[in-house]
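Participant: quick one, fold the following:
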Amino acid sequence: MKKKKPSKWFIKVRGSYLPCSVQGWLTYIPFTLFLLTVPIAVYRTSHSAGDAFYVIFPQWISAAVVMHWLASNRS
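Facilitator: Prediction:
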């Protein structure tokens, strides 16, 4: 009996991953929306550019690490 090979959500392109299925796009779009909305929300409430950097940078790094891990496991 043959095992069904799981479909790939992402393809590896030059050390990064791009979505190649509906499931990949359904995870990639919220990720990019998160990256775009975080600076907008932070700049509205921060007092200086330094304060904004210390809030945005850790969130972007943690989101990128999670997305990279998910893409590498689903490709």
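Participant: what about stretch 42-49, how long is it end to end?
Facilitator: 10 Å (C-alpha to C-alpha, to the nearest Å).
Participant: tell me the mean pLDDT for it?
Facilitator: What stretch 42-49 shows for mean pLDDT is 85.
Participant: all strands in this protein, in order from the N-terminus.
Facilitator: Ranges of strands within the chain are 10-13, 16-19, based on DSSP state E.
Participant: wait, which of these is closest to residue 40?
Facilitator: When the strands of the chain are compared by C-beta to C-beta, strand 16-19 sits nearest residue 40, at 23.7 Å. C-betas here are computed from N, CA, C, even on glycine.
Participant: who does that closest one touch, helix- and strand-wise?
Facilitator: With contacts taken as 3 or more C-beta pairs under 8 Å, 6 or more residues apart in numbering; DSSP states H and E, strand 16-19 sits against strand 10-13, helix 22-45, helix 49-73.
Participant: tell me which strands the shortest one pairs with, and in which orientation.
Facilitator: Just to be clear, that refers to strand 10-13. strand 16-19 (antiparallel) (DSSP bridges).
Participant: other residues contacting the partner strand?
Facilitator: 9, 10, 11, 24, 25, 27, 28, 68, 71, 72, 75 (C-beta atoms under 8 Å, 6 or more residues apart in numbering).
Participant: so which of the strands of the chain is the most surrounded?
Facilitator: For the strands of the chain, the largest average neighbour count (mean count of other C-beta atoms under 10 Å) is found in strand 16-19, namely a mean of 16.
Participant: returning to that earlier point: pick the most buried one from the helices and strands packed on strand 16-19.
Facilitator: Of those, strand 10-13 is the most buried (mean count of other C-beta under 10 Å), at a mean of 15.
Participant: could you dump the strands of the chain to a markdown table with mean pLDDT and distance to residue 32?
Facilitator: Output for those, formatted as a markdown table (pLDDT from 0 to 100; distance: least, C-beta to C-beta, whole Å):
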| stretch | mean pLDDT | distance to residue 32 |
| --- | --- | --- |
| strand 10-13 | 92 | 14 |
| strand 16-19 | 92 | 10 |
